[in-house]
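1. A structural model of the following input is requested.
(one chain, ligands or ions: 3)
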Amino acid sequence: MSILVVTGTGTEVGKTVVTAAVAALAHGRGAPVTVVKAAQTGVGPGELGDADLIRDLTGVGEVHELARYPEPLAPATAARRAGLPPLDLVATADMLTRLAADHRLVLVEGAGGLLVRYDDDGRTLADLARLLRAPVLVVTRAALGTLNDTALTLEALAHRGLEPAGVVIGSWPTSPGLAERANLADLETVAGRPLAGVVPAGAGLLDRVGFRELARRSLAPSLGGTFDSAAFRASVPDATSVSRAPRAGRVRQ
Ligand SMILES: Nc1ncnc2c1ncn2[C@@H]1O[C@H](COP(=O)(O)OP(=O)(O)OP(=O)(O)O)[C@@H](O)[C@H]1O
Ligand SMILES: C[C@H](N)[C@H](N)CCCCCC(=O)O
Ligand SMILES: [Mg+2]
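-> Ligands and ions are numbered 1, 2, ... in the order given. Presented below is the predicted three-dimensional model:
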């Protein structure tokens, strides 16, 4: 009966892999789960999109792609240039609400970051999340620049009264550099809470069994896994400690 919207601090941050990890754990528990890619862009007819990748990685049978546009652009732009109708987010919210009535968990992956536009009226994934009154999981990068991107996304959620379901690093490098190691703690300070997961790079290349096991280790209990942010940080050489800065993501009244 619950809906979780998955956004990123941008495109190519690992939303699809993180969505797959959450789906794999729910599926592995036997919970009915379905995954919806609201609008897929940059993929031509017959090519594999995010929803296909998620089905392959998890074995989840019910995955939906609601709209597909060929050019690798924001959905509103890609639809306009293709002469195709944009995704109707109001109708989409109704469809997802009906899906949630039949499913334990409905996962909705956005395209790009939170404020990417789906139509020429400027509607975004944030508008869809508000219509659904659903929490939003934020997938972020590990590298330099992620602190600002993450803070901006959390501020945008807070400004719209949307509840973050946590911050997950979508692709943790095998050889983290200085910024990546320091960001493990700083991302917690920005988020005002422990990380909800860290997914190692390469996760998307595993088979289903390996992927589900990695998902279990990579996601926090709130997402169905066993990941512990403090323990992970302690396992990374030269990772810094969490500061006690005021909680970010709150709009000062
Ligand atoms: N943890 C990972 N393991 C393996 N590959 C990854 C991982 N994270 C990201 N990638 C790869 O990086 C690329 C971008 O990742 P992904 O598709 O998840 O980004 P995204 O945020 O979903 O982008 P979009 O906005 O297009 O949906 C893909 O080719 C994907 O296979
Ligand atoms: C093509 C890409 N992989 C995504 N599907 C769409 C990303 C749109 C990003 C728009 C932007 O923020 O500039
Ligand atoms: Mg994706």
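2. quick one, phi psi at the residue in the stretch 101-250 of the chain positioned nearest to ligand 2?
-> At 3.2 Å from ligand 2, G112 is the closest residue in the stretch 101-250 of the chain, using CB to the nearest ligand atom. Any C-beta I mention is one placed from the backbone N, CA and C, and that applies to glycine too. G112 adopts backbone torsions of phi 70, psi -140, taken as degrees, to the nearest 10.
3. Could you find the closest non-adjacent residue to it?
-> Leaving aside its chain neighbours, G112 sits nearest to T11 (4.1 Å; criterion: CB to CB, 6 or more residues apart in numbering).
4. Three-state assignment for the one you found, please.
-> coil (DSSP: H, G, I helix; E, B strand; the rest coil).
5. burial count for it?
-> T11 has 15 neighbours, counted by other CB atoms under 10 Å.
6. ok, it touching A111?
-> Yes: using CB atoms under 8 Å, T11 is in contact with A111, at 7.3 Å.
7. dump the residue contacts of the residue of the stretch 101-250 of the chain closest to ligand 2.
-> G8, G10, T11, A74 (CB atoms under 8 Å, 6 or more residues apart in numbering).
8. most surrounded residue in the residues you listed?
-> Neighbour-wise, these (other CB under 10 Å) top out at G8, 29 neighbours.
9. give me phi/psi at that one?
-> phi -130, psi 170.
10. Verify the stated contact: it with G14.
-> Yes: with contact defined as CB under 8 Å, G8 reaches G14; the gap is 7.2 Å.
11. joint contacts of these two?
-> With CB under 8 Å, 6+ apart as the test, G8 and G14 both reach V139, G170.
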